[in-house]
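Engineer: A structural model of the following input is requested.
(one chain, ligands or ions: 1)
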Amino acid sequence: MRKIEALNILKSLITNAYAPYSSFTVSAIVEGENGEYAGGVNVENASYGLTVCAERIALFNFISNGFKKPIRLFLYAPTENFTPPCGACRQVLSEFNPDMEIVIFNKDENFKTYELGELIPLCFNKSNLEGRK
Ligand code: THU
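Structural biologist: Residues are numbered from 1 along each chain as shown. Sure thing, here's the model as predicted:
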């Protein structure tokens, strides 16, 4: 998907974010190998720790739709800084593709691109379970 298209979708999606406690809204799109994609926003809870980030919701929507291999995550938060995925989301994203590309937009509609592997080197994965008794 082209970045301009992703940004337009992200800007529309973010209006669905449910962030009454932090007032920090985030939207995300997970894209697959053939242009298929799913979106998500952060959904907070009065029991704060039950909040789920936009990235994980987008990924779970992607997988729930029957799509298999995510190749790219687009992320948007309307702040000056480039909001990176939190540690928990990095781990969850790495389950499906540790080489995923991460494209982060800020409020000025600039972007920065990373590889998931550089954001979470040496993450725990399936192969670590192979040594169990
Ligand atoms: N949040 C995300 O959705 N993604 C991130 O990458 C960082 C944080 C959400 C969780 C919470 O609803 C709010 O932003 C403030 O932490």
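Engineer: Please see if stretch 78-85 touches the ligand.
Structural biologist: Yes. Stretch 78-85 comes into contact with the ligand (C-beta under 6 Å from any ligand atom), by way of Thr83, Pro85. Where you see a C-beta, it was placed from the backbone N, CA and C, and this is true even at glycine.
Engineer: got the end-to-end distance for that stretch?
Structural biologist: 14 Å (C-alpha to C-alpha, to the nearest Å).
Engineer: Adjust the sequence numbering to begin at 276 for everything that follows.
Structural biologist: Okay, residue one is now 276; in that scheme the one you just asked about reads as stretch 353-360.
Engineer: I'd like the mean pLDDT over it, please.
Structural biologist: For stretch 353-360, mean pLDDT is 97.
Engineer: Please put the alpha-carbon coordinates of stretch 304-323 into PDB.
Structural biologist: Taking C-alpha atoms only, stretch 304-323 is exported to PDB below (Å, rounded to 0.1, in the frame of the first residue of the first chain):
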ATOM      1  CA  ILE A 304      -2.700  -0.900   9.800                       C
ATOM      2  CA  VAL A 305      -1.200  -4.400   9.300                       C
ATOM      3  CA  GLU A 306      -0.600  -5.200   5.600                       C
ATOM      4  CA  GLY A 307       0.000  -8.600   4.000                       C
ATOM      5  CA  GLU A 308       2.000  -9.800   1.000                       C
ATOM      6  CA  ASN A 309      -0.800  -9.300  -1.500                       C
ATOM      7  CA  GLY A 310      -2.000  -5.900  -0.300                       C
ATOM      8  CA  GLU A 311      -4.600  -7.300   2.100                       C
ATOM      9  CA  TYR A 312      -4.800  -5.400   5.300                       C
ATOM     10  CA  ALA A 313      -6.600  -4.900   8.600                       C
ATOM     11  CA  GLY A 314      -6.700  -1.800  10.900                       C
ATOM     12  CA  GLY A 315      -7.000  -1.200  14.600                       C
ATOM     13  CA  VAL A 316      -7.100   1.500  17.300                       C
ATOM     14  CA  ASN A 317      -6.200   1.600  20.900                       C
ATOM     15  CA  VAL A 318      -9.000   0.500  23.200                       C
ATOM     16  CA  GLU A 319      -8.700   1.600  26.900                       C
ATOM     17  CA  ASN A 320     -10.400   0.300  30.000                       C
ATOM     18  CA  ALA A 321     -11.400   1.700  33.400                       C
ATOM     19  CA  SER A 322      -9.200  -1.100  34.700                       C
ATOM     20  CA  TYR A 323      -6.200   0.600  33.000                       C
END
